[in-house]
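Visitor: Here you go, sequence then predicted model.
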Amino acid sequence: MPRKTLGLAAITLALTFNTAFSLLAARFDYPDILRQPPAEVLRAFAAGGSGLIALWYAFALSALALIPFALTVPFASAHWQTRPALALASAMTGALAGFAQGMGLLRWVFAIPGLAATLADPAATEAQRAAAETAFAVLNQWGGMAIGEHMGQMLTVGWLTTTLALRRGDRTRMARAETAAACLALAGMGIGLAEGPAMMLGHTLPLLGLASVAGYLGLTLWLVILGARLVVSPADQRSDTLPFRPLPV
């Protein structure tokens, strides 16, 4: 893929993901509403109608878009020729991060609507409503908190770490800004990883959630800087001038 195309993809990915997140925050009080009782969340979801489902689908697609991007970006410079193991690790962890987050978000498109409809159905029995609330709680904790949030965030940390290690040695100003944004993302998401286990142990620590938000803002900034660097620079000043070294066989 041409570097400029990949750079535009990075910027588009950052903007799309954050636009969907912001719209969900405004329309559905996401993610704060997830800490409310299941019945309250399901009623709010049902009130959102098909437009809210479409918004969740767009959010999930923006997460899944990380898969092809992560598989491509490690090979945008010649660093992969001298560090092939890091390039493969970066590609795989990034793709898995996009898959985990996308799968977690798709529950709002294919599973939650039926539960919300059951709760809102005036003909539903109390047992059916209770079952819908229980199913939602399980889906939220497993598909959302465990897979989408915890595993997705952990894999994103791994992706950023391996990508930084792969690109180490770059000394341009944009490379330093890119590294600073990635470090902010790593710090925020690394701290935020403790939120899920803490909640399961009965501790509510809002600062951990704020750390995750700060981490994803850092990730957004990193994507934008990386994208701008790929667009404006025809080649990395150092990395793309390295001589080709064939991979060992």
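Guide: On my side now, so go ahead.

Visitor: burial of Trp185, as a residue count?
Guide: Quick fix: residue 185 reads Ala, not Trp. The number of residues packed around Ala185, counting by other Cβ atoms under 10 Å, is 23. Yep, even glycine has a C-beta here, placed from its N, CA and C like the rest.

Visitor: dump the residue contacts of it.
Guide: Ala185 makes contacts with Thr156, Leu160, Gly215, Tyr216, Leu217, Gly218, Leu219, Leu221, Trp222, as judged by Cβ atoms under 8 Å, 6 or more residues apart in numbering.

Visitor: Just the buried residues of those.
Guide: Buried by 16 or more other Cβ atoms under 10 Å: Thr156, Leu160, Gly215, Tyr216, Gly218, Leu219, Leu221, Trp222, out of the contacts of Ala185.

Visitor: got a list of what the last one touches?
Guide: Trp222 sits next to Leu160, Glu178, Ala181, Ala182, Leu184, Ala185 when contact means Cβ under 8 Å, 6+ apart.

Visitor: one more time with 7 Å
Guide: The contact partners of Trp222, taken as Cβ atoms under 7 Å, 6 or more residues apart in numbering, are Glu178, Ala181, Ala182, Ala185.

Visitor: and if you look at Ala63?
Guide: Applying Cβ under 7 Å, 6+ apart to Ala63 gives the contacts Phe17, Gly98, Gln101, Gly102, Leu105.

Visitor: what's the closest non-adjacent residue to Val41?
Guide: Once flanking residues are discounted, Val41 sits nearest to Ile33: 5.6 Å by Cβ to Cβ, 6 or more residues apart in numbering.

Visitor: Pull the number of nearby residues for the one you found.
Guide: Ile33: 14 neighbours (other Cβ under 10 Å).

Visitor: Report the buried residues of the worst-scoring helix or strand of the chain on mean pLDDT.
Guide: Within the chain, no helix or strand scores below helix 79-82, which has a mean of 82 by mean pLDDT, DSSP states H and E. By neighbour count with 16+ other Cβ under 10 Å, helix 79-82 contains the buried residues His79, Trp80, Gln81.

Visitor: Tell me the first helix or strand C-terminal of it.
Guide: Counting by DSSP states H and E, the next helix or strand C-terminal to helix 79-82 is helix 84-105.

Visitor: hmm, back to that, could the contacts of Ala63 go into CSV alongside pLDDT, neighbour count and distance to Met199?
Guide: As requested, those are arranged in CSV below (pLDDT from 0 to 100; neighbours: other Cβ atoms under 10 Å; distance: Cβ to Cβ, whole Å):
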residue, pLDDT, neighbour count, distance to Met199
Phe17, 95, 22, 24
Gly98, 98, 25, 24
Gln101, 97, 26, 18
Gly102, 97, 21, 22
Leu105, 97, 25, 19
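
Visitor: which one of the residues you listed is nearest Ala211?
Guide: Nearest to Ala211 out of these is Gln101 (Cβ to Cβ; 17.4 Å).
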